[in-house]
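*Asks:* only geometry, no sequence info:
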């Protein structure tokens, strides 16, 4: 009877016209809207202890900032270059990101945007933010340490004039402008003198303590015997070549000699101090950190770890004698406090790449022992481990050393020590170790748990500490579906209410430590629900449903940028290896159909309030209860192969499932019974069912004319198998049909009430068989066809089709078949008649893995997304398929390199409004909006707030607060200041600053001037000052070894005047004062105040210059002395020329040596 009706109807169907698609290119704009999880190429960690935020940078320009659960943001660097350094500013308002292209980027956490960029001309090798300031140290491959300041008001990064070049700190080893200067490995302010001392570690093994206010080297550590000898000779040469401008060079030489414990020798080529014969080979530094308060730890390329001590600020300023060597030094030379070899006896060792220190006790201001976390230093080829060394406060060789290895869960990337929650600056007794490994894995170790492992290992056991893995948003997903819900619907209210009541705070760690990363504020779901939608559109909530590998189904709130977990439908069956393979969700009635690999089909129904629901079990399945929100109503176990697709029809209360053997089953959800199970294609061999779709079919009267059907929404039109005979009342009702397609692209139309096929297989005998991917029904406008909901049926009293003004069209007009090689558009009437002629056919250039139709909710224009195996996708207009709107890739849409595998592409899904969701390898969930006007999440207003402004303001106030001065000192401040000023004017030699403590307020003024930029190895000359030698000839040069016996006192006084003039020229004072000029002009006058010119005779002029009138012998002697003096000057110039020639030869040999070293460099040294 049903077949006759369809045949009679098909004869009367006129020719179908395909309307032109109205979707334009201007309406298309694929872009990333949301990102959840850690980047796959994550490489660097940074943590802010006050804001409690964690930043993770990657190798492709991604920067992920994480806070409390639900608080995360993604920044994309414009260059997409790998990250070299990542650090928060002191108050936590900005994040500094330095790329491999040496661009310093400043990101604002409040507005979540990049505010400025500074391009560095050289290769940045080290970076440090100065505590409680907006200043930063930058070390480069030229050995120079520079200072950069961030101006928050002007949103600008500025390079300050202050710099520390290598030819100043390493004088004698490095010359000005040398291309062989060692790079700066680390720049670390001294912990007890952050604003006055900084330690600079160079790659060649030398470690320098630099005084910011003294602008000189205060201590030297490390290096080889040859390097130390060179520094000593340079210091001695500076000591002997004393300058006549306030002995500046002598002061520098004396300071450097004292710190090296090498007194200036009488001859620069001879020494009296013997260096200890320790490790003459150069040891290259690759990692540094502070330990035990004032102990400097250096990790070397050869796998060694050395501990160095530095004097504190008070000791340097108060000492009168050179710094005393360490007690362990036998010859007066500072040696390392301790040396640690992590692989004793092994010749091939890994470099010590990362060092981190954590104090075990921070109480009463005293630094105790702690743990040193080391990556590297082990034997080459051994399994990668993270070694923890427990050290006492005394790190000497006699102190006890314990070690413990933490196994890594992937290739090591970085680690960070996070103080426990409870305050940024307050003393903390525990910490959490974060270990980042590839690909994008983050594990947390409790410091208390590590301490317990040390106790257990000392007792003889071998404990294994298990970390807590960072909870990724979605893991082990096998399939996903993105659906839209009207925010005012009962279903949306019920689901989102579960999200509000759901606790998302992670539990404490194993030892009871609270979860450490708690910064920011998540977006409120109430704001999302109350957001007013644009005009002429209905507010839609988005829900992401994922099927898990263990058979569970999880619901996620995709309406907010946080991707909150709503609930989990647990699989209570005892089947093993039963991952979810198919799912469908009915928004109207709340039915959830789930199929798994073992052929089981479960149907759940959402209940707003927990209640007891009886589950109807069909076949041999156990009784299933479901969860509190989703109750299992039907469990079907009649299939014997994997379920490939499921579909639910709310209007008919039917559910259909297709398996890999070609069987199709239909369940009546109203009576919870099985209507039929069979092979609708009647093929000789099993063929997998690819897709199923429900559609209504209009009924026919006895005379062949069609009449509008009448539906009864609350009651199913079908009974059980005993009631398959249709009554006259049922004959006039709307009949359901099921469109099914198998892997061979054969289509069949099935009577949804009986299971009989309408006309056997449809267009299955193809000339060129294809592999079907998916199948969709479209209405007359080309939009995805949707069955009428119960609400719509009630509003129209059950009559169907609805009036023309209704948004839902009457019938499915077109059938879209997507195959791997082509797209086909059929008329549903042609499919019913078994015709093989397609209305449209489009050949694809690449294999297709999935396709999804969508519709613009604003213009009602429709389009088709076609995804290819290579990660590319294209957008076409519907229903004509001829217009190719856009062809792009997922990488271009998200703005980073993205290469999803086939398993990730299986989780690719698209909602009806053009929003895409993709789960990439259990690590990242990305959402992409295809339509330019789509913004259902109300971005950026609904983004989580990263910055806690109250904490940032409090931190900034503490930074800018002036240092507290005791009251007694304030009372004598004026008197002491005057006395000190007078003492400074009287003293002839330079001295250390009177204040023992410096504050951060002094640094901007200090760094605003250039202390020196030495262009010569023997003179400290400012570039911004005039050349002191300009205007002088050979007769004006002052030779140090001039004969001290001069002819007359007048000649000596004239020499003093000449020296005074040269001194003024070195100080940049080209013009003398008015009083001195008047004195020189009217010299010889009885009264210098008399400005009247007078005539001077030749004898008077000669007498003024030391010549006595009439004494020819004296004049001849003076002339002879002048000639001898000139000859000595010429010899001195000749000697300097020879020295320059020797220096040039030495430079050539060094260049040849450097070329050999570059040829033999290892991979980790570049």
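*Replies:* Happy to help now that I have it. Since the model is a prediction, treat every value here as computed from it, not as a measurement.
*Asks:* which stretches of the stretch 151-300 of the chain aren't confidently modelled?
*Replies:* 238-280 (pLDDT under 70).
*Asks:* all the strands of it, residue numbers only.
*Replies:* Ranges of strands in the stretch 151-300 of the chain, per DSSP state E, counting those that start in this stretch, are 156-164, 184-190, 193-202, 206-211, 216-222, 285-291, 295-300.
*Asks:* please apply the same query to the stretch 851-1000 of the chain.
*Replies:* Remark: strands assigned in the stretch 851-1000 of the chain by DSSP E, counting those that start in this stretch are 862-868, 872-877, 884-889, 909-910, 915-920, 924-931.
*Asks:* re earlier: identify whichever of the strands of the stretch 151-300 of the chain lies nearest to residue 956.
*Replies:* Closest of the strands of the stretch 151-300 of the chain to residue 956 is strand 193-202, at 17.1 Å (criterion: C-beta to C-beta). Every residue, glycine included, has its C-beta placed from N, CA and C.
*Asks:* tell me the angle the closest one makes with strand 216-222.
*Replies:* Here strand 193-202 runs at an angle of 50 degrees relative to strand 216-222 (axes from the mean of the first three to the mean of the last three C-alpha atoms, to 10 degrees).
*Asks:* so, low pLDDT: which residues of the stretch 701-850 of the chain?
*Replies:* Along the stretch 701-850 of the chain, segments meeting pLDDT under 70 span 701-734, 757-768, 789-810.
*Asks:* what residues are up against residue 466?
*Replies:* Residues in contact with residue 466 (C-beta atoms under 8 Å, 6 or more residues apart in numbering) are residue 510.
*Asks:* assign it to helix, strand or coil.
*Replies:* When classified by DSSP: H, G, I helix; E, B strand; the rest coil, residue 466 comes out as coil.
*Asks:* gap between it and residue 194?
*Replies:* Distance from residue 466 to residue 194, counting by C-beta to C-beta, to the nearest Å: 38 Å.
*Asks:* now residue 286
*Replies:* 24 Å.
*Asks:* kindly report the same for residue 384.
*Replies:* Counting by C-beta to C-beta, the gap from residue 384 to residue 194 is 34 Å.
*Asks:* will you turn the strands of the stretch 851-1000 of the chain into TSV that also has mean neighbour count and mean pLDDT?
*Replies:* Formatted as TSV, the strands of the stretch 851-1000 of the chain follow (neighbours: other C-beta atoms under 10 Å; pLDDT from 0 to 100):
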stretch	mean neighbour count	mean pLDDT
strand 862-868	24	94
strand 872-877	22	94
strand 884-889	15	93
strand 909-910	22	94
strand 915-920	25	90
strand 924-931	23	91
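*Asks:* so which of these gets nearest residue 679?
*Replies:* Comparison of these against residue 679 by C-beta to C-beta identifies strand 909-910 as nearest, at 29.0 Å.
*Asks:* elements contacting the closest one?
*Replies:* strand 477-486, strand 848-855, strand 915-920 (3 or more C-beta pairs under 8 Å, 6 or more residues apart in numbering; DSSP states H and E).
*Asks:* just to revisit the earlier point, who has more neighbours out of residue 384 and residue 194?
*Replies:* Comparing residue 384 with residue 194 by other C-beta atoms under 10 Å, the one with more neighbours is residue 194, at 20 against 14.
*Asks:* list the contacts for the more buried one?
*Replies:* 130-131, 1000.
*Asks:* residue 846 now?
*Replies:* Residue 846 makes contact with 868-870, 872, according to C-beta under 8 Å, 6+ apart.
*Asks:* farthest-apart pair in the residues you listed, please.
*Replies:* 869 and 872 (8.6 Å).
*Asks:* who does residue 776 bridge with?
*Replies:* residue 816 (DSSP bridges).
*Asks:* what about it, how many residues close to it?
*Replies:* 20.
*Asks:* could you do residue 1137 as well?
*Replies:* For residue 1137, the number of neighbouring residues by other C-beta under 10 Å comes to 10.
*Asks:* surely it forms part of a strand?
*Replies:* No. Applying three-state DSSP, one finds residue 1137 to be helix, outside a strand.
*Asks:* quick one: it from residue 870, how far?
*Replies:* Distance of residue 1137 to residue 870, computed by C-beta to C-beta: 69 Å.
*Asks:* check contacts around residue 84.
*Replies:* Neighbour list for residue 84: 44, 98-100, 124, 127 [criterion: C-beta under 8 Å, 6+ apart].
*Asks:* just the buried residues from these, in ChimeraX please.
*Replies:* Per 16 or more other C-beta atoms under 10 Å, the buried members of the contacts of residue 84 correspond to this ChimeraX selection:
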select :44,98,99,124,127
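*Asks:* before we move on, back to that, for residue 653, find the nearest of the strands of the stretch 151-300 of the chain.
*Replies:* Comparing those by C-beta to C-beta, strand 156-164 comes nearest, at 64.7 Å.
*Asks:* ok, that closest one: who's next to it in the sheet?
*Replies:* So strand 156-164, judged by DSSP bridges, has these partners: strand 145-151 (antiparallel).
*Asks:* what residues sit buried inside the strand it pairs with?
*Replies:* Of all the residues in strand 145-151, those buried under the rule 16+ other C-beta under 10 Å are 145-150.
*Asks:* ok, and what's touching it?
*Replies:* 89, 94, 104, 106, 116, 118, 134-140, 156-160, 162-164, 184, 187, 198, 200, 210, 1004, 1007.
*Asks:* quick check on those residues: which are buried?
*Replies:* Buried members of the contacts of strand 145-151, scored by 16+ other C-beta under 10 Å, are 89, 94, 104, 106, 116, 118, 134-140, 157, 160, 162-164, 184, 187, 198, 200, 210, 1007.
*Asks:* export the strands of the stretch 151-300 of the chain to TSV and tack on distance to residue 952?
*Replies:* Below are those laid out as TSV (distance: least, C-beta to C-beta, whole Å):
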stretch	distance to residue 952
strand 156-164	19
strand 184-190	22
strand 193-202	20
strand 206-211	31
strand 216-222	35
strand 285-291	26
strand 295-300	31
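*Asks:* so which of those gets nearest residue 371?
*Replies:* strand 285-291 (9.5 Å).
*Asks:* residue 667 touches residue 636, doesn't it?
*Replies:* Yes. If you go by C-beta atoms under 8 Å, residue 667 and residue 636 touch, sitting 6.4 Å apart.
*Asks:* between these two, what contacts are shared?
*Replies:* Overlap of the contact sets of residue 667 and residue 636 (by C-beta under 8 Å, 6+ apart) consists of 601, 603, 657, 674.
*Asks:* got a pLDDT number for the third one?
*Replies:* Pointing back at residue 657 there. For residue 657, the pLDDT comes out at 95.
*Asks:* what bridges to it?
*Replies:* Listed by DSSP bridges, the beta-bridge partners for residue 657 are residue 646, residue 665.
*Asks:* against residue 848, how distant is it?
*Replies:* From residue 657 across to residue 848, the span is 24 Å (C-beta to C-beta).
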